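> The sequence and its predicted three-dimensional model are supplied below.
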Amino acid sequence: MSPEWIRGHYFGAIALLLVAGSCLKAVPVTLGLQDSIKTAEDDETTIVERMSALCIKLINAGSYIILEAYYASKHLIEEFRKHKLHLITRVRINAVGKYPLPPPPLKCSRGRPRIWGEQSNYATCLTRKTA
């Protein structure tokens, strides 16, 4: 009888993209097992944070990193900006952009003022419309 859930493994790999004649080759540099098994009782690091730390440790500033959309999170992007790394990824399906806030009215309303304008879902902007 199989269990109701499967405990999987996540591999964090870094490879160099090299040109060999007319084709591209990915040469692995490092491969690390990024399990969800905690090494300490108070270990709260996520898989995204581990991948971020791996990239920051091994890749020079100014480099471009290609990652799956799973890793495109606020935490990873902020860390990459601090260390001057560039991220190339696909937009996640739940990604939301915000329009700039229009100029405030002369009379202030009650409550905290808004920081952002209306939301725009990227998935609806990027989907092709067929006639």
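Received the coordinates, thanks. The shown structure was predicted, so the numbers you read here are calculated from the model rather than taken from an experiment. Numbers count the residues shown, from 1 in each chain.

> going forward, measure contacts between C-alpha atoms and count neighbours the same way
Fine.

> For the chain, which segments count as helices?
Assigned by DSSP state H, the helices in the chain fall at 47-58, 74-82, 122-126.

> Tell me what angle the longest one forms with helix 74-82.
Compare the direction of helix 47-58 with that of helix 74-82 by axes from the mean of the first three to the mean of the last three Cα atoms, to 10 degrees and you get 10 degrees.

> what packs against helix 47-58?
Helices and strands touching helix 47-58, as assessed by 3 or more Cα pairs under 8 Å, 6 or more residues apart in numbering; DSSP states H and E, comprise strand 11-20, helix 74-82.

> Could you list the low-confidence segments of this protein?
Within the chain, the stretches with pLDDT under 70 are 1-10, 34-43, 101-102, 104-109, 113-117, 121-131.

> Repeat the analysis, applying 90 as the threshold.
1-55, 57-60, 62-77, 87-131 (pLDDT under 90).

> Pipe the helices of the chain into a markdown table and attach mean neighbour count per row.
Below are the helices of the chain laid out as a markdown table (neighbours: other Cα atoms under 10 Å):
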| stretch | mean neighbour count |
| --- | --- |
| helix 47-58 | 16 |
| helix 74-82 | 14 |
| helix 122-126 | 11 |
